[in-house]
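Q: Next come a sequence and a model predicted from it.
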Amino acid sequence: MKNLIVTLILLSVTSISCENQQNEKKVDQENTSEKLWTEENRQFLIQELSRTRNELINEVKDLNDKQWNFKEEPGRWSISEIVEHLEVQDELYFREIFLTSKTPQSTKYIEIVKGNDEKFLAYAVDTTKGKAAWYLEPIGRFCSKELAEKSFLRTRNHLIKFVEETDLDLRKFFTFRKYIDDGGLSDVRLWDVRDLHQLLLTDIAHTDRHLNQLRKVKDHPNYPRE
């Protein structure tokens, strides 16, 4: 009789455990099916990726070689180096987005990154001085202004095309920086985890940030006016 009671208890616990797993799976499937990335989100990305692209091209289109290569002082970037850096960053973002979009979508980090869009856009005016990683440093990849412009436009236009055409929910694909998932999400910092929409917001803010830098180069007293 005692063994029968123990067996019934174990069967009951197993049944509850299976039921809980099924319920969790059902909730996860429901969350996965709900579309979080909106058409408004898509149009905002298209608008801002296009705006920053156009502003950059307008800033550099009439520059001569002296203006293109002018440096405020040794160690500072010229306009040519700023554009090179932006092109390389765009290319890396495109690769990251393309590869991440091929991974399974997830709902685990949705609440963690929710509400952070404006924080990523604020990077455009963040006064904290950063240092580009070695693979983002300008090293003279382009032998002319025309080639640098062409390369930047080619990569940026592919990013815009991806946003225009994708059917994926960019709110359910995530990219990571210096974050190890140990099961606890309470210590996730702002830049540790981003959904793909937020990664593109970062690209927009990054371009605006360097547009501001480029305009400061033009405003320098020694900048060649002709």
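A: Yep, it's here. Residues are numbered from 1 along each chain as shown.
Q: Break down the protein into its helices, ranges please.
A: Along the chain, the segments classed as helices by DSSP state H run 2-33, 39-60, 65-69, 79-100, 110-113, 117-121, 145-165, 196-219.
Q: Arg189 is nearest to which of the ones you listed?
A: Taking Cβ to Cβ as the criterion, Arg189 comes closest to helix 110-113 out of the helices of the chain, the separation being 10.1 Å. (C-beta placed from N, C-alpha, C; glycine too.)
Q: related to what we said a few turns ago, any chance of the helices of the chain in a markdown table, plus mean neighbour count and distance to Lys172?
A: Supplementary listing: those in a markdown table, determined by neighbours: other Cβ atoms under 10 Å; distance: least, Cβ to Cβ, whole Å:
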| stretch | mean neighbour count | distance to Lys172 |
| --- | --- | --- |
| helix 2-33 | 10 | 7 |
| helix 39-60 | 16 | 12 |
| helix 65-69 | 14 | 42 |
| helix 79-100 | 19 | 11 |
| helix 110-113 | 15 | 7 |
| helix 117-121 | 15 | 15 |
| helix 145-165 | 16 | 16 |
| helix 196-219 | 19 | 9 |
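Q: As a markdown table, those with distance to Thr175 would be great.
A: A markdown table is the format used below for these (distance: least, Cβ to Cβ, whole Å):
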| stretch | distance to Thr175 |
| --- | --- |
| helix 2-33 | 18 |
| helix 39-60 | 15 |
| helix 65-69 | 33 |
| helix 79-100 | 5 |
| helix 110-113 | 10 |
| helix 117-121 | 12 |
| helix 145-165 | 14 |
| helix 196-219 | 6 |
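Q: Out of those, flag the one nearest Thr127.
A: Distances from Thr127 to each of the helices of the chain were compared using Cβ to Cβ; the minimum, 10.2 Å, belongs to helix 196-219.
Q: Rounded mean pLDDT for that closest one, please.
A: The average pLDDT for helix 196-219 rounds to 97.
Q: and it, what other elements does it pack with?
A: Contact partners of helix 196-219 among helices and strands, from 3 or more Cβ pairs under 8 Å, 6 or more residues apart in numbering; DSSP states H and E: helix 39-60, helix 79-100, helix 117-121, helix 145-165, strand 174-176.
Q: Show me what the last one is packed up against.
A: It stands for strand 174-176. Packed on strand 174-176, when contacts are counted by 3+ Cβ pairs under 8 Å, 6+ apart, are helix 79-100, strand 193-195, helix 196-219.
Q: Run through this structure and note the low-pLDDT ranges.
A: Counting by pLDDT under 70, the chain contains low-confidence residues at 1-32, 178-188.
Q: which residue is nearest the middle of it?
A: To find the centre residue of the chain, average its C-alpha atoms and take the closest one (Cα atoms, centre = their mean): that gives Leu199, at 1.6 Å.
Q: what sits against it?
A: For Leu199, the contact set (Cβ atoms under 8 Å, 6 or more residues apart in numbering) comprises Tyr93, Glu96, Ile97, Thr175.
Q: Which of those residues lies at the shortest distance from Lys114?
A: After measuring the contacts of Leu199 against Lys114 - Cβ to Cβ - the closest member comes out as Thr175, at 15.7 Å.
Q: Could you pull up the residues touching that closest one?
A: Going by Cβ under 8 Å, 6+ apart, Thr175 touches Glu96, Thr100, Val193, Arg194, Asp195, Leu196, Leu199.
Q: That's all I had, so thanks and see you.
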